[in-house]
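Asker: attaching a predicted model along with its sequence, questions to come.
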Amino acid sequence: MASRGTSIDLNDFSGGLNVHDPEYLMELTQSPDVDNVVLLQKGFTKRPGDETFNSSVMTSSSTVVTGLGYIKFMSGVEFLNAVAGTKFFTSSALTGTMADATGAITITSGATNIWTPLNFNDLQIWFGGAPNPPFKYSCTGNAAALGGTPPSAYTGFAANNRIFAISTAANPSIIQWPILANPEDWTGSGSGNSTVAMADGEALQCGVVTGPDTAILFKNSSTHLMVLTRQPFPIYQLQKGVGIAGRKAFAQADGVIYFITPARRMKSTSDGVNFQTYPNDIDPIFDSINTNFIPSIAGYYYEPLNWIMFFVPTGSSTTNDFAIIWDLDRKCFLQCTTGFKVNVAATVQNSRLFAGEYLGKIYEKLSSIDSVDDSVASPGAIDAHWRTPFKNTGGLDSTVHPLYFTVSALNETSTALTLSYGFDFTSIIRSQSSSIAAVGSLWDVDLWDVGTWGGQNAVSVRMYTYGRGNFFSLTIGNATASQGFTIQGASIRSRTDKARKEFTAV
């Protein structure tokens with residue numbers, strides 16, 4: 001007679017995504033198919049959705065947003081400004097109304113003509129485009145050309161009360177700077193320029209400030225140290241053979257620069273000499289990045305979740321359509337296959353993340369509490385799920401015959417989890433929808449004799465399983481609009497008899 005065996009408890013999901021290793025060799029803390037979730041100390045939750053920032057499109061519904069920048073002027077007024085098509089737009093007090101403030105400046109449209117905003121001495125200065133001449137915005141009226149004779153640089157950075165302009169079409173290896181404290185004097189005493197490893201035939205891609213004294217300059221296959229405390233700002237080559245994929249393919253957190261290389265791999269450095277490599281867990285995803293559009297990769301640090309995010313073009317896509325995430329707390333990868341068609345992004349003062357996309361709109365990411373992506377038509381339901389690897393901890397030739405599995409989740413007002421399972425690397429053989437809505441009111445919350453007491457803040461749902469095989473996998477999640485969930489853990493109860501070995505925990 002069959003009897004109940006041992007149980008496997010699943011409450012540690014800190015291994016994140018692994019699409020590289022054979023599933024039966026993975027730890028149960030990892031998943032070969034996890035999407036659109038946020039990991040918790042114990043468990044995981046569906047990621048928040050996004051909300052439309054500007055209800056009216058900028059220029060047209062086919063206009064690509066190629067620049068996005070936040071600034072809080074000394075007057076106290078906040079602005080979220082954008083470049084879209086051939087126009088410059090401003091949103092005072094972050095109202096979502098994008099006003100055309102182009103004026104007489106020149107902007108060349110094109111998805112890859114990315115603009116970089118620099119906040120400097122109560123000005124917002126923009127470099128980039130085709131590249132086009134840099135321009136400035138000063139809180140009122142229209143944008144205006146940056147004064148003096150500034151270079152038409154592709155990008156730049158600000159440090160030590162000075163701005164630095166990086167790479168021009170005519171001189172791709174040059175970095176230039178104006179006099180101290182004045183971004184509109186490029187010929188006076190203290191201005192200058194330097195050429196970085198011109199003989200290597202590569203363009204200077206970007207500069208990342210690493211402290212009050214230094215910046216790391218990146219080319220495609222080299223790094224260079226720029227000393228910012230004394231003129232003429234000496235530059236030293238640090239490393240040859242390691243470089244960055246594109247001008248925006250980096251994110252910085254706690255003094256560490258995370259970046260994507262032209263070989264489509266993630267590395268990090270704090271000094272430009274020593275580099276941290278990362279697990280090969282998602283190498284197939286990195287390999288799927290469209291090689292023709294590697295320079296389009298954009299990286300950002302999202303502090304509220306402590307995520308390093310890279311927006312990349314996968315497969316045949318010519319635009320970024322996929323978010324690769326490095327969870328700094330758990331040191332693992334995650335992914336969002338939907339909801340992140342991000343060309344440029346910016347974080348405002350309270351860490352809200354905004355993204356400029358490809359259809360004339362800006363969206364606030366990871367914001368909506370209703371688990372819907374406005375950036376996806378209809379709007380878009382978020383398919384969030386975690387699948388365990390196909391496992392048999394008793395050995396490859398033993399039989400797995402689980403009796404049931406139980407999932408613990410927090411209450412939701414109206415949410416149904418989709419539970420499913422399969423055997424032997426096949427697709428799902430059975431699914432069921434289970435409500436995790438609250439049964440009654442919480443104790444000591446409702447009035448006496450009015451609410452139904454004895455409610456709960458968590459529920460458990462169970463699914464009985466039928467069938468057997470050499471390997472077993474279960475999936476937890478849902479793909480329903482406006483239905484979030486938080487999973488605390490799960491447990492698989494095995495069934496044993498004399499003819500079968502137990503499906504036991506590692």
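Answerer: Done, it's in.
Asker: every contact and neighbour count from this point should use C-alpha atoms.
Answerer: Noted.
Asker: can you give the domain ranges for the chain?
Answerer: If you go by automatic domain parsing, the domain ranges for the chain are 3-47+385-496, 49-381.
Asker: so what touches the helix or strand that contains residue 433?
Answerer: Per DSSP states H and E, residue 433 falls inside strand 430-435. Residues outside strand 430-435 that contact it (Cα atoms under 8 Å, 6 or more residues apart in numbering): 414-422, 461, 463.
Asker: ok, those vs residue 64, which is closest?
Answerer: Set against residue 64, the nearest of those by Cα to Cα is residue 415 (35.7 Å).
Asker: each with direction, which strands does the longest strand belonging to the chain pair with?
Answerer: Criterion DSSP state E: the longest strand present in the chain is strand 486-496. Applying DSSP bridges to the sheet, strand 486-496 is found paired with strand 3-10 (antiparallel), strand 44-46 (antiparallel), strand 402-410 (antiparallel).
Asker: in stretch 284-297, which residues are buried?
Answerer: 285-286, 289-291, 293-297 (16 or more other Cα atoms under 10 Å).
Asker: now those residues in CSV, with distance to residue 139, pLDDT and secondary structure?
Answerer: What follows is these, written out as CSV (distance: Cα to Cα, whole Å; pLDDT from 0 to 100; DSSP: H, G, I helix; E, B strand; the rest coil):
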residue, distance to residue 139, pLDDT, secondary structure
285, 42, 98, helix
286, 41, 98, helix
289, 39, 98, strand
290, 39, 98, coil
291, 40, 97, helix
293, 35, 97, helix
294, 35, 97, helix
295, 32, 96, helix
296, 30, 96, helix
297, 30, 98, coil
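Asker: mean pLDDT lowest for which of the domains of the chain?
Answerer: Mean pLDDT per stretch puts domain 3-47+385-496 lowest among the domains of the chain, at a mean of 88.
Asker: returning to what we had before: so can I have JSON lines of the strands paired with strand 486-496 showing mean neighbour count and distance to residue 387?
Answerer: Formatted as JSON lines, those follow (neighbours: other Cα atoms under 10 Å; distance: least, Cα to Cα, whole Å):
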{"stretch": "strand 3-10", "mean neighbour count": "16", "distance to residue 387": "11"}
{"stretch": "strand 44-46", "mean neighbour count": "22", "distance to residue 387": "12"}
{"stretch": "strand 402-410", "mean neighbour count": "20", "distance to residue 387": "13"}
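Asker: nearest to residue 156, out of those?
Answerer: Among these, strand 44-46 sits nearest to residue 156 (Cα to Cα), with 36.8 Å.
Asker: report the distance from the closest one to the chain centre.
Answerer: Chain-centre distance of strand 44-46: 16 Å, with Cα atoms, centre = their mean, to the nearest Å.
Asker: repeat that for stretch 47-67.
Answerer: 17 Å.
Asker: return the set of buried residues in that stretch.
Answerer: Buried, per 16+ other Cα under 10 Å, within stretch 47-67: 47-54, 57-59, 63-67.
Asker: taking these one by one, which sit in strands?
Answerer: 49-52, 65-67.
Asker: which member of the buried residues of stretch 47-67 is positioned nearest residue 124?
Answerer: Checking those one by one against residue 124 (Cα to Cα), the nearest turns out to be residue 67, at 12.3 Å.
Asker: what's the separation between the closest one and residue 169?
Answerer: Distance check for residue 67 against residue 169: by Cα to Cα, to the nearest Å, it reads 19 Å.
Asker: one more: residue 27?
Answerer: Residue 27 is 50 Å from residue 169, by Cα to Cα.
Asker: show me the contacts for residue 364.
Answerer: Here residue 364 is in contact with 50-53, 352-355 (Cα under 8 Å, 6+ apart).
Asker: can you lay out those as JSON lines showing distance to residue 326?
Answerer: Formatted as JSON lines, these follow (distance: Cα to Cα, whole Å):
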{"residue": "50", "distance to residue 326": "20"}
{"residue": "51", "distance to residue 326": "23"}
{"residue": "52", "distance to residue 326": "26"}
{"residue": "53", "distance to residue 326": "26"}
{"residue": "352", "distance to residue 326": "19"}
{"residue": "353", "distance to residue 326": "17"}
{"residue": "354", "distance to residue 326": "19"}
{"residue": "355", "distance to residue 326": "19"}
